[in-house]
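>>> model this:
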Amino acid sequence: MTDVPDWASDALRRTWPTLTEDDRQALIADRENSLLRTAAVQLRGTDLDRSEHGGDFTLDGLYERGIRWHAEAFGEPWNGWATPIVTAATAKNMFADLLELGEADGPLGAITDDGLLVYGEDEDDNFVIAPNDRGEFALWELGWTFLKYP
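Residues are numbered from 1 along each chain as shown. Predicted coordinates for the structure are as follows:
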């Protein structure tokens, strides 16, 4: 019998003896795959993904209106969407523009000593996008649908 993993929750520890060996192995494999997916996400937007050229980008739904901002570079596309890497000034301008255009109900974020603070619906949902070595921010972390603007 496979031992209970050290990362198992109390509920899983109680249930472990009732699981089949196949179920135990599947849970362990799923956990390992989850860790690999998390590591891959953390590597996105780094120099490993950085393109040599920047360009303009927009958000899906704003393309037709001609709204766009400049990216210093782009990372590898995410599910077909652009992954802009921007300066602090561009991030601030984008957040301000989206608020002014009525695309946001309130301020979306701010630049802090830690990086780009992104406001969630509740304060507990706030998160920070840390800058890279150049002081730029990989906007893929927002999970928004960006497009390269020709």
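
>>> domain ranges for the protein?
For the chain, automatic domain parsing gives the domain ranges 10-43, 55-149.

>>> What residues sit buried inside the first one?
In terms of neighbour count (16 or more other CB atoms under 10 Å), domain 10-43 has its buried residues at 16, 19, 24, 27. Backbone N, C-alpha and C define where each C-beta goes, glycine included.

>>> Assign the third one to helix, strand or coil.
Taking DSSP: H, G, I helix; E, B strand; the rest coil as the rule, one finds residue 24 in the helix state.

>>> ok, now how distant is the residue lying closest to it once chain neighbours are set aside from residue 25?
Nearest non-adjacent residue to residue 24, counting by CB to CB, 6 or more residues apart in numbering: residue 2, 4.6 Å away. Going from residue 2 to residue 25 by CB to CB, to the nearest Å gives 7 Å.

>>> Now the residue nearest the centre of the chain. Nearest residue, chain neighbours left out?
The chain has residue 141 as the residue nearest its centroid, 1.9 Å off, counting by CA atoms, centre = their mean. In this structure, residue 141 finds its nearest non-sequential neighbour in residue 129, 4.8 Å apart by CB to CB, 6+ apart.

>>> can I assume residue 103 sits in a strand?
No: counting by three-state DSSP, residue 103 falls outside a strand, being coil.

>>> close enough to count as contact, it and residue 62?
Yes: counting by CB atoms under 8 Å, residue 103 does reach residue 62; the two are 7.5 Å apart.

>>> quick one, what contacts residue 109?
With contact set as CB atoms under 8 Å, 6 or more residues apart in numbering, residue 109 has these partners: 91, 95, 116-119.

>>> for the residue nearest to residue 24, helix, strand, or coil?
At residue 2 the chain is in coil, as set by three-state DSSP.
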